[in-house]
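A.B. asks: model the following, please.
(one chain, ligands or ions: 1)
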Amino acid sequence: MIIRELSEQECIEILAAARVGHLACARDDQPYVVPITIAFAQRSIYSFSLSGQKIDWMRHNPKVSLQVGHPEGDGWKSVVIQGIYKELPDRIGSKLERERAWSLLSSHANWWEPGSLKPVTASIPSDHIFYCLSIESMTGRQAVPE
Ligand SMILES: Cc1cc2nc3c(=O)[nH]c(=O)nc-3n(C[C@H](O)[C@H](O)[C@H](O)COP(=O)(O)OP(=O)(O)OC[C@H]3O[C@@H](n4cnc5c(N)ncnc54)[C@H](O)[C@@H]3O)c2cc1C
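C.D. replies: Numbering: from 1, shown residues only. As a prediction, this is how the structure comes out:
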């Protein structure tokens, strides 16, 4: 197996195609990783959630890491980002970005299922937390058979 570094453009293509990532946050020297549904646009990762441990921890410490990747043939591709958590509340100042998050995420079928109760209306429930991870840096690697 040979490992090669991916270019920034290749990383962006993988992020744009990804639907699920592994989100890592940390509090008091304790890491915490969970899978989440994601959408990528303009150097940001968008997602949503109900309240819980990861939201509490990211509010306390907004420095996060996220990994996405997939097998490819007998090898794999993987991207790791370092970023900053930013909440997108439903009010002036973040309304447009919140709507962008909703619009990007809702283009994927059943995007809301893992992170929420089943919606009963087509409107955005107000207790759902939309957020973005603003990308500070990223690296990508690919493994290919020799
Ligand atoms: C493919 C996939 C996509 C998902 N997409 C989303 C999404 O878009 N938004 C979203 O909010 N959630 C999503 N989830 C669920 C997510 O992984 C978490 O389970 C969920 O968000 C609860 O996290 P929390 O920190 O709020 O946990 P809490 O409900 O606060 O519970 C914390 C406790 O539960 C444990 N725990 C939490 N989640 C998991 C887990 N996945 N596996 C094992 N133990 C766990 C923790 O270790 C901790 O002890 C997805 C899961 C999968 C598998």
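A.B. asks: now for residue 54: which residues touch it?
C.D. replies: 23, 25, 32, 34, 36 (C-beta atoms under 8 Å, 6 or more residues apart in numbering). C-beta coordinates here come from the backbone N, C-alpha and C atoms, glycine included.
A.B. asks: contacts only, for the most far-flung residue of the chain relative to its centre.
C.D. replies: Seen from the C-alpha centroid of the chain, the residue lying at the greatest distance (C-alpha atoms, centre = their mean) is residue 146, 31.9 Å away. Neighbour list for residue 146: 1, 2 [criterion: C-beta under 8 Å, 6+ apart].
A.B. asks: and if we set it to 6 Å?
C.D. replies: Counting by C-beta atoms under 6 Å, 6 or more residues apart in numbering, residue 146 touches residue 2.
A.B. asks: can you list the buried residues in the one helix or strand residue 16 maps to?
C.D. replies: Per DSSP states H and E: residue 16 is located in helix 8-17. Residues of helix 8-17 classed as buried: 11, 12, 13, 14, 15 (neighbour count, 16 or more other C-beta atoms under 10 Å).
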